[in-house]
Every structure is written in structure tokens, then in C-alpha cells.
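Enquirer: Here is a sequence together with a model predicted from it:
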Amino acid sequence: MRVALLAIAIGLGFLLRENPFSTHAALDLEGPASLAASLGASAIVATLFVFYTRFVRQNAAFGRKLAIELASRAAGMQPLGIVLVAASASLGEEILFRGVLVPWCGIVLSSIAFGALHARSGWAWVVSAGIFGAALGFVFVMTGSLAGPLLAHFVVDAAAWLAASQARASDRRATMSGLLGAVREPKRRP
């Protein structure tokens, strides 16, 4: 799916004759200033979203459910696999949703589409992904550079996959630990 998203993004960019890696910055930034602003703002977005993810995985049923699902999918993943999964997801999704769709249809519609891509994980994650996408879209529009959103998306995905892959195999359904913190499945009452 990640390769398909990247192919779609490149195809749409070609058809729309848009450079998906940059756009006119609302803050009228260029060159190194655009890059620095993009990376700085996106670092804040990534940090907030990693902490948000940690919080919901510890305190909300939808977060615990996703943590358990992700842990089962990440079983046995090696660091290189985590890097490849996070890099391919961030590259394809950022080029498509921010680089191509934001200039074409705006932050709101591209963020709704980005959230809908995450429907498999439930409605709460559709909303969460939509908000994350809107924040990254805002950074892209303000700074004109896709570098920050690409890096932020990579960091958030890598942190989630790393945490999920570190869950002990014998305790995979009950615990997930790592950068996003420990998550325990709630005790069931008889």
C-alpha cells in the first residue's frame, strides 16, 4: 500500500504539474529559512503527537486497542524494518496528502482524506490522524517546505513501531513498552 500511495502521489504531482516538496510559503520564507522553520515547527508537532499517543495508549480504550493490534503486527520487527516501514509511510503519505493535495484542495480536505486512510484503526484514530495531518499541512503551507512534515511523520511512525516491536512476545497482548510508554490491557472482571 505504501508503494501505491507513493506512485499515486508522484502521478498526481505530474498531472497537476506541482512540485510536491515545496509550495509558496504563507510566511514568505525561502531557502534555509523555509527549511529551518519547517523542521522546527514540525519537531513541536511530532513531540506533541508522540506524547498524545503515549497518553491515549495508557488512558483510553481505543489507544490500548491500537497498541495491542500494533504490537501483534510488529512482532519480531528489526530496527531496519522499523526504519523502512516508517520511511515509506511518511514519504508516500506526506507527498500525497501534504505535497500534492494541500495545494490542490486545501488543508481541511486533505486532512479528512488522511484521517480516512487510518479508518482501519477506528474512528478515534481517524480523528487523531486528521488532526495530525492538519497540523502538518499547516506547517507545510506556512513554511513552504515538506521537509519538516516528512521528518515529523517519520518520527511519530518510528516511535510507534519501535514501542510495538519491543513488547515481549510472551506478553504481547498485555503490555507494550518503549518510547511511547507501557500500556496494559485492563483487567477483566468476572
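Expert: Here it is on my side, so go on. Owing to the predicted nature of the structure, the values given are computational and were not obtained by experimental measurement. Residues are numbered from 1 along each chain as shown.

Enquirer: For this structure, which segments count as helices?
Expert: All helices of the chain, identified by DSSP state H, fall at 2-16, 31-59, 61-73, 79-93, 102-117, 123-143, 147-165.

Enquirer: Which of those helices has the highest mean neighbour count?
Expert: helix 147-165 (a mean of 23; mean count of other C-beta atoms under 10 Å). (C-beta placed from N, C-alpha, C; glycine too.)

Enquirer: Please state the offset of it from the chain centre?
Expert: The chain centroid and the centroid of helix 147-165 are separated by 6 Å under C-alpha atoms, centre = their mean, to the nearest Å.

Enquirer: Output the contacting helices and strands for that helix.
Expert: On a contact count with 3 or more C-beta pairs under 8 Å, 6 or more residues apart in numbering; DSSP states H and E, helix 147-165 meets helix 31-59, helix 61-73, helix 79-93, helix 123-143.

Enquirer: What distance do you get for the residue positioned nearest the centre of the chain to residue 76?
Expert: The chain has residue 153 as the residue nearest its centroid, 4.1 Å off, counting by C-alpha atoms, centre = their mean. In this view, residue 153 and residue 76 are 24 Å apart by C-beta to C-beta, to the nearest Å.

Enquirer: What of residue 106?
Expert: Counting by C-beta to C-beta, the gap from residue 106 to residue 76 is 41 Å.

Enquirer: just to revisit the earlier point, kindly reformat the helices and strands packed on helix 147-165 as CSV and extend each row with mean pLDDT and distance to residue 12.
Expert: CSV is the format used below for the helices and strands packed on helix 147-165 (pLDDT from 0 to 100; distance: least, C-beta to C-beta, whole Å):
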stretch, mean pLDDT, distance to residue 12
helix 31-59, 93, 21
helix 61-73, 82, 28
helix 79-93, 88, 12
helix 123-143, 94, 16
